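*Asks:* Quick check, what structure comes out for this input:
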Amino acid sequence: GSNEINDIQQISYSSKGNANDFGNLTRSHVFTSASGDATRGACLGGFTSPNNLFNTVDYITYSSTGDASDFGDLQSARRGGSGPSSSTRMVHLGGNMSPNTVIDYFTTQTLGNASDFGDLAVAAKEMGYGNTSNSIKGFSMGGEGASDYINNIQQITISTTGNSTDFG
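*Replies:* Numbering: from 1, shown residues only. A predicted model of the protein is given here:
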């Protein structure tokens, strides 16, 4: 479709101005999740029209511009989801696939496929509307449930695997 892109753009936090070209993703798509640490960023999953979900994970190293490379794969193809992270681990919660309860994780500095982290407390797709994390906890806020939007905040402890809990 016409909205699918593969551009990677960068901005400098220390100065005002427009974004600059960084490179390209391995494919054009929409509805991905983002995650990463202080040196590496990742684009997880995605969608191409008419209805193609995929499980590809691309990554870049912030210190050098250029095209993304293949990191590995999510456990299942999906779009959307939430991507909290710590300094050592990227986590991907939910997404538009079946079941909508999957949580994946990766060790950020080691290339490879996702491992099973656990399950969501509240099934949700399109969770990318809001997530945040620190070095210990990851939170996903809201999203789209099976039949309506949800207002749940789900939390995980990033360093240990397990199911999310309903934070509020």
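*Asks:* buried ones in stretch 94-110?
*Replies:* For stretch 94-110, the neighbour count (16 or more other Cβ atoms under 10 Å) marks Gly94, Gly95, Asn96, Met97, Asn100, Thr101, Val102, Ile103, Asp104, Tyr105, Phe106, Thr108 as buried. Using the backbone N, CA and C atoms, a C-beta is placed for each residue, glycine as well.
*Asks:* List the contacts of the last one.
*Replies:* Contact criterion Cβ atoms under 8 Å, 6 or more residues apart in numbering gives Ser35, Gly36, Asp37, Arg40, Ala42, Ser85, Ser87, Thr88, Arg89, Met90 as the residues in contact with Thr108.
*Asks:* for the residues you listed, which one is nearest Lys137?
*Replies:* Lowest distance from Lys137 to the contacts of Thr108 (Cβ to Cβ) belongs to Ser85, with 11.3 Å.
*Asks:* Name the residues linked to the residue nearest to the closest one when sequence neighbours are not counted by a beta bridge.
*Replies:* Nearest residue to Ser85 in three dimensions, chain neighbours excluded: Ser35, at 4.6 Å (Cβ to Cβ, 6 or more residues apart in numbering). Beta-bridge pairing for Ser35 (DSSP bridges): Ala42.
*Asks:* For Gly23, give its distance to Asp166.
*Replies:* According to Cβ to Cβ, to the nearest Å, Gly23 and Asp166 sit 39 Å apart.
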